[in-house]
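>>> got a predicted structure here, sequence first:
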Amino acid sequence: MFEHFFQCPYCWEEISVLLDPSVSEQTYIEDCENCCNPIEFRVRFENNELVEFDATSIEQ
């Protein structure tokens, strides 16, 4: 597993997520651990290295 730190698009707090480099492309939704709002993650790995990470708000 790979720990990645980023800024929440809602509350702007720095939080972390655990990413699995064995799956080369991932899209999933997870709630912010601080403000509980849903965040859509788009992640891409190449050769077990993170090459793309995007965390965007889901407009409700």
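Cool, the structure landed.
>>> all strands for the chain, in order.
2-7, 14-19, 25-31, 38-46, 49-57 (DSSP state E).
>>> can you put those in CSV and add mean neighbour count and mean pLDDT?
(Glycine included, C-beta is placed from N, CA and C.) As requested, the strands of the chain are exported to CSV (neighbours: other C-beta atoms under 10 Å; pLDDT from 0 to 100):
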stretch, mean neighbour count, mean pLDDT
strand 2-7, 12, 95
strand 14-19, 13, 95
strand 25-31, 11, 96
strand 38-46, 16, 97
strand 49-57, 12, 96
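>>> mind listing what the closest residue to Tyr28 other than its chain neighbours touches?
Spatially, and ignoring its direct neighbours in sequence, Tyr28 is nearest to Phe41 (5.5 Å; C-beta to C-beta, 6 or more residues apart in numbering). Contact partners of Phe41, counting by C-beta atoms under 8 Å, 6 or more residues apart in numbering, are Val17, Gln26, Thr27, Tyr28, Ile29, Glu30, Phe53, Asp54, Ala55.
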